[in-house]
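Enquirer: Prediction below, plus the sequence it came from.
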Amino acid sequence: AAKHTGDPVRRWTPALDERAGENARLGGEIRMALDSGQFRVVYQPIVELPSGRVAAVEALVRWEHPLRGMVSPADFIPVAERNGLIVELGEWILRMACHRMAGWRATLGPLAPDRVSVNVSARQLARHGFAATVAAVLAETGLPAPCLAVEMTETAVFEGGQAVVTLNELRALGVRIALDDFGTGHSSLNLLQTVPVDILKVDKSFVDNITEAGRSTVIAEALIQVSRGLGLAAVAEGVETAAQAEALQRLGYSLLQGYYFGRPVADPNFALSTAVAEVR
Ligand code: C2E
Ligand code: CA
Ligand code: CA
Ligand code: CA
């Protein structure tokens, strides 16, 4: 990359240069990775209490790079968002997840989860025709629209008018809308007045200290009240211990997701969660 001069605030350091070069390399490799099948999709259970049933799964992308090993989505999704490849990658993830969910419905019957939740980035939402793409994928895979949820962060919705148009189109199809990392944005509650939402995913940061009866607990309790009052489902994210699961259940949360109940895997187990037996 060219040397950057005359910027007194962000000086061009070797570290930044390396990082920019690294991102450029990663960006180029995403194209090849898509073409050579290096991406796969894993699924993390969202468990309903007290039954222990896997009510839903969240689809999460993985990149198995032949040389780098496993590359975290936290590293390559932002790169794919910047270079625009997220549109193609995102559509591939959506198709995989819907195809998989349709398969579970066909083979597992009543044991199948109610829905698969797919992460969608701001760049995808901002495109005209995203809802049409979703409709086409549903038709192609035979998945009923209510068996799909799209997860987006508050900032993705906030980024513009088309995002809200897209959400209304998805809603009209019957697709469920989930707000991800809820409570971490700048206008979480304000957004609930203007955007069609079905599911609040309460961010892990509120769950982390839930057993300490401090601020997080008060906020987590307020958020379950809001979700109830608005008739929305609430999912608590990042549940890692039985104590956290118990505390959340006491506050009224009945949908929990986190390593305690299961990590994201290629072939999730849909048997009733045994972890739940420890939750009183
Ligand atoms: P996210 O959507 O908030 O996903 C939850 C992340 O938390 C996942 O990380 C998941 O593996 C992790 N997680 C789940 N339970 C626990 C827990 O109990 N403890 C801890 N410490 N972590 C937990 P992952 O898969 O590395 O994904 C990171 C982020 O990358 C996601 O955050 C999402 O923003 C993005 N991402 C992942 N897959 C996709 C995708 O298919 N499309 C898009 N657009 N973004 C994706
Ligand atoms: Ca998510
Ligand atoms: Ca999240
Ligand atoms: Ca997140």
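Expert: Structure's in. What do you need? Bear in mind the structure is a predicted one, so any value in this text is a computation, not a measurement. Numbers count the residues shown, from 1 in each chain. Ligands and ions are numbered 1, 2, ... in the order given.
Enquirer: Tell me where the protein has strands.
Expert: Under the criterion DSSP state E, the chain contains strands at 39-48, 53-65, 69-71, 115-119, 148-153, 176-182, 199-202, 233-236, 255-257.
Enquirer: The fourth one - what's its average pLDDT?
Expert: For strand 115-119, mean pLDDT is 98.
Enquirer: wait, does that strand make contact with ligand 1?
Expert: Yes. Strand 115-119 lies within reach of ligand 1 by Cβ under 6 Å from any ligand atom, at residue 119. Every C-beta, even on glycine, is put in place using the N, C-alpha and C of the backbone.
Enquirer: And that strand, what does it pack against?
Expert: Packing partners of strand 115-119 (3 or more Cβ pairs under 8 Å, 6 or more residues apart in numbering; DSSP states H and E): strand 53-65, helix 86-108, strand 148-153, strand 176-182.
Enquirer: So the second one, near ligand 1 or not?
Expert: Yes. Helix 86-108 comes into contact with ligand 1 when judged by Cβ under 6 Å from any ligand atom, the residues involved being 90, 93.
Enquirer: what angle do that helix and strand 39-48 make?
Expert: 60 degrees (axes from the mean of the first three to the mean of the last three Cα atoms, to 10 degrees).
Enquirer: Please identify the residues of the stretch 51-200 of the chain in proximity to ligand 1?
Expert: 59-61, 72-74, 77, 90, 93, 119-121, 180-181.
Enquirer: ok, the residues you listed vs residue 261, which is closest?
Expert: For these, the closest approach to residue 261 (Cβ to Cβ) belongs to residue 60, at 14.6 Å.
Enquirer: just to revisit the earlier point, please produce CSV containing the helices and strands packed on strand 115-119, extended by distance to ligand 2, mean pLDDT and mean neighbour count.
Expert: Shown next, in CSV, are the helices and strands packed on strand 115-119 (distance: least, Cβ to the ion, whole Å; pLDDT from 0 to 100; neighbours: other Cβ atoms under 10 Å):
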stretch, distance to ligand 2, mean pLDDT, mean neighbour count
strand 53-65, 6, 97, 21
helix 86-108, 12, 98, 18
strand 148-153, 4, 96, 23
strand 176-182, 4, 96, 23
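Enquirer: mind checking which of these is nearest ligand 3?
Expert: Each of the helices and strands packed on strand 115-119 has some distance to ligand 3 by Cβ to the ion; the shortest is strand 176-182, at 4.4 Å.
Enquirer: Give me every residue in this protein lying close to ligand 2.
Expert: Within the chain, the positions lying close to ligand 2 (Cβ under 5 Å from the ion) are 119, 151, 180.
Enquirer: Which one of those is nearest to residue 167?
Expert: Minimum distance to residue 167 across these is 11.8 Å, recorded for residue 151 (Cβ to Cβ).
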